[in-house]
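Peer 1: Take a look and give me a structure for this.
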Amino acid sequence: MKKLRFIFLAIFPLILLASCGKDEEPAPQAQSFIKFKVGGKLVEYSADNQPMGMSLDPSGPMYLATATILGNRVDGTKNFLSISVRNESQFQEGKEYQMQDPIIYKGAEMVRILLTYSDESGQLYNAVLFQQILPGMKVTDDAKLTFTKISSNRVEGTFSGVVLGPISPTTGRGDNELVISEGQFNLSLFSSIP
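Peer 2: From the prediction side, this is the model:
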């Protein structure tokens, strides 16, 4: 009996160790981020817990992809980027969506992309208008976005744009252009598209 007990005590830890082996590590969760250059200066935001949302308005129909990424999550008045893309059909990987290519929604032409940027001091710039000649106002708004990967829970892509501002409640939108270039994003995705 002592021999059996000794064998059991000697073998049991080996069995236990063998059964534990190397646990499979969970697949690494992609780091959510958005980064871009403004006037050549790199801006980077961690985007953990700041997903892109995709939804459908069936009355249009209009598909919408939107994200607002805050540089400082406790202050939504400065240091952020907001981008919305509208489309007539589901979004596709590899297709470049262009702001100046209008979307028709309930008979009205609308820009395809809305892009808003606020710098660290709270100066607000946007691209929300079709390019046109307006007396006393510069309208060179532009934006482009390409989804390079769309999965059930993540979205990746590239973007660029020209935003104007700063925006003032008393004088309206200024004529200073900021060029946003080399934009990249990797975000978690919340999709409510059926």
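
Peer 1: Can you verify residue 152 is assigned to a helix?
Peer 2: No. With DSSP: H, G, I helix; E, B strand; the rest coil as the criterion, residue 152 is coil rather than part of a helix.

Peer 1: How many residues are close by it?
Peer 2: 6 (other Cβ atoms under 10 Å). Quick note: C-beta positions are derived from backbone N, CA and C, even for glycine.

Peer 1: how about the helices in the protein?
Peer 2: Taking DSSP state H to define them, one finds helices in the chain at 2-20.

Peer 1: list the helices and strands the longest strand along it packs on?
Peer 2: Secondary structure of the chain per DSSP state E: the longest strand is strand 172-191. Strand 172-191 sits against strand 33-38, strand 52-57, strand 62-70, strand 113-118, strand 124-127, strand 154-168, with contacts defined as 3 or more Cβ pairs under 8 Å, 6 or more residues apart in numbering; DSSP states H and E.

Peer 1: quick one: strands adjacent to it?
Peer 2: Partners of strand 172-191 in the sheet, by DSSP bridges, are strand 33-38 (antiparallel), strand 52-57 (parallel), strand 154-168 (antiparallel).
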